[in-house]
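In: Dropping the sequence and predicted coords here.
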Protein chains: 2
Amino acid sequence: MTPQDNTASQDGRRRAPQHLTSAGKKILSVASQLFYEQGIRAVGVETIAEESGFTKKTLYDCFGSKEDLIVAYLRARDDQWRSILVDHVDRHGGPASEKLLATFCALRNWTCTRSSRGCAFVNASAELPEGHPGLEVGREQKAWFLTYLEELAARGGAQDPSYLAAQMLILHEGACVAHSMHTIDQPFERTEEIARILVENAFAH
Amino acid sequence: MTPQDNTASQDGRRRAPQHLTSAGKKILSVASQLFYEQGIRAVGVETIAEESGFTKKTLYDCFGSKEDLIVAYLRARDDQWRSILVDHVDRHGGPASEKLLATFCALRNWTCTRSSRGCAFVNASAELPEGHPGLEVGREQKAWFLTYLEELAARGGAQDPSYLAAQMLILHEGACVAHSMHTIDQPFERTEEIARILVENAFAH
DNA sequence: CAGATGGTACACCGATCGGTTTATATGCAA
DNA sequence: TTGCATATAAACCGATCGGTGTACCATCTG
């Protein structure tokens, strides 16, 4: 529950980006940006090394393989989104129903600042072959998020928390895609309006 | 409006897969499956040639480049989804409001038979670099779909057709992702239930 | 019969991929 | 002072990438 603890939570398995060399941190940060903006397969380790100002040797000393670097990238993104989401929702006062709606505001903020090309885990699952350990990170991320929504819904006294959570999740995914594909205007606002209707329904007595 | 015409519509620009050699058709069909199931960048032209039983030379005689083959793949998928959607909705009797809901049934059928790994255009936009002609195919596809939803909504006398269409689009995208990521059970049923609520709201007097 | 057309088989191209190796230099801690 | 950890620089590896060239063969059409 401490501030720096809100990303290490829920379950036993957890990451370890903190005991990275400063070179490792820089490489991971550069790799994350390139992977997200150009696609994982589109970016070679050579490019990552050059862009980060370190050698390929150093990269391999820090991460072992491109596969492990990809996993580190996805874990780091997972961490960032979790903490941004939780922070935003926690700061948002009001009943749990309002907190549920605040998740869409968090999504809009997150998306507009550093996530304009859709969900990194959805993108990764389009690129990575079956069995790649990065896919497991994505599954964990989605499962965690669904559980988080469920807890919010339950805390607010929704009639069917898991049902409402599933609805919210569909909306999140939809907003994310609609935004990244530029199909409609103001996708987050439109989505939050849908969510408001569903939330009101779910909390009706 | 003739049966074989329902994919060549709307605007001037249109494809031409019909004047493909039988070898070309086979190559395109194999490439489509591999591109969709493993990702575009993950599949090399060598593999496509081998799997389809033709030579790389023949592949290049038919399509010119991998880039053009990718575009042909996306166009073909666009065609297939459009005709399946329109067929399904046309066969579905009832008022336009019911036809709007039928689009989710069409999506479920399409997805469960040959589209279990999410939207090909969303996946492509995660993989392809900016400026790739395949991205334009995706934009056209989404724009067409939005217009199609809008026309259905307008025909049914919705209060704000473009607003309702945007809502429906968000739901389609969300259902697609939720299904391909296996995050929740019965995503299409859950999504259609949301849609029903929105449609009822939109047609309320 | 002549000549496109559509195909096979296969060697070959330069570039890039992920990954390794060797040898060297620096800075910090016992 | 010794020694380890963290770097650098750069050559190198086999494999695969997208794409080309050449030579030959079948079939259909005028």
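Out: Received the coordinates, thanks. Residues are numbered from 1 along each chain as shown, chains lettered A, B, ... in the order given.

In: ok, the residue lying closest to A:Glu200 once chain neighbours are set aside - contacts?
Out: In space, and not counting its chain neighbours, A:Glu200 is closest to A:Ser97: 7.9 Å by Cβ to Cβ, 6 or more residues apart in numbering or on different chains. C-beta coordinates here come from the backbone N, C-alpha and C atoms, glycine included. Counting by Cβ atoms under 8 Å, 6 or more residues apart in numbering or on different chains, A:Ser97 makes contact with A:156, A:158, A:199-200, A:203.

In: before we move on, what about A:Ala204?
Out: Counting by Cβ under 8 Å, 6+ apart, A:Ala204 makes contact with A:Gln159.

In: What mean pLDDT does stretch A:78-88 get?
Out: Averaging pLDDT along stretch A:78-88 yields 96.

In: what comes up buried for stretch A:65-82?
Out: A:66, A:69-82 (16 or more other Cβ atoms under 10 Å in any protein chain shown).

In: What distance do you get for the closest residue to A:Leu34 other than its chain neighbours to B:Ser180?
Out: Spatial nearest neighbour of A:Leu34, excluding adjacent residues (Cβ to Cβ, 6+ apart): A:Val43 at 4.4 Å. From A:Val43 across to B:Ser180, the span is 23 Å (Cβ to Cβ, to the nearest Å).

In: I figured A:Leu101 was touching A:Ala195, is that so?
Out: Yes - applying Cβ atoms under 8 Å, one finds A:Leu101 in contact with A:Ala195, separated by 5.7 Å.

In: domain ranges for chain A?
Out: Using automatic domain parsing, the domain ranges for chain A come out as A:17-64, A:77-205.

In: Name the residues of chain A found near DNA strand D, please.
Out: A:21-24, A:53-58, A:61-62 (Cβ under 7 Å from any atom of the strand).

In: Go again with 10 Å.
Out: A:19-27, A:46, A:49-50, A:52-62 (Cβ under 10 Å from any atom of the strand).

In: Next up, the contacts around A:Glu150.
Out: With Cβ under 8 Å, 6+ apart, A:Glu150 has these contacts: A:161-162, A:164-165.

In: Then A:Asp160?
Out: A:Asp160 makes contacts with A:Ala202, as judged by Cβ under 8 Å, 6+ apart.

In: Okay, buried residues for stretch A:163-183 please.
Out: Neighbour-count burial for stretch A:163-183, counted by 16+ other Cβ under 10 Å, picks out A:163-181, A:183.

In: What of stretch A:97-112?
Out: A:97, A:99-104, A:106-108, A:110-111.

In: One more: stretch A:33-41?
Out: A:33-36, A:38-41.

In: average pLDDT for that stretch?
Out: The model assigns stretch A:33-41 a mean pLDDT of 97.

In: try stretch A:188-205
Out: Computed over stretch A:188-205, the mean pLDDT rounds to 93.

In: Render the CA-only coordinates of it in CSV, please.
Out: Listed next in CSV are the C-alpha coordinates belonging to stretch A:188-205 (Å, rounded to 0.1, in the frame of the first residue of the first chain):
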residue,chain,number,x,y,z
PHE,A,188,-12.6,8.2,-24.8
GLU,A,189,-15.4,10.7,-24.2
ARG,A,190,-17.8,8.5,-26.2
THR,A,191,-16.7,5.4,-24.3
GLU,A,192,-17.0,7.0,-20.9
GLU,A,193,-20.6,8.0,-21.8
ILE,A,194,-21.4,4.3,-22.6
ALA,A,195,-19.7,3.3,-19.3
ARG,A,196,-21.8,5.8,-17.4
ILE,A,197,-25.0,4.2,-18.7
LEU,A,198,-23.8,0.7,-17.8
VAL,A,199,-22.7,1.8,-14.4
GLU,A,200,-26.0,3.5,-13.6
ASN,A,201,-27.8,0.3,-14.7
ALA,A,202,-25.6,-1.9,-12.6
PHE,A,203,-26.0,0.1,-9.4
ALA,A,204,-29.8,0.6,-9.8
HIS,A,205,-31.7,-1.0,-7.0
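
In: That one: how far from the chain's middle?
Out: 22 Å (Cα atoms, centre = their mean, to the nearest Å).

In: do stretch A:173-190 as well
Out: Chain-centre distance of stretch A:173-190: 16 Å, with Cα atoms, centre = their mean.

In: again, but for stretch A:130-141
Out: Put simply, stretch A:130-141 sits 13 Å off its chain's centre (Cα atoms, centre = their mean).

In: at contact distance from chain B, anything in that stretch?
Out: Yes - looking at stretch A:130-141 against chain B by Cβ under 8 Å from any Cβ of the partner chain, the contacts come from A:138-139.

In: can you list contacts of that stretch?
Out: Residues outside stretch A:130-141 that contact it (Cβ under 8 Å, 6+ apart) are A:13, A:40, A:67, A:70-71, A:74-75, A:78, A:81, A:121-122, A:124-125, A:128, B:181-182.
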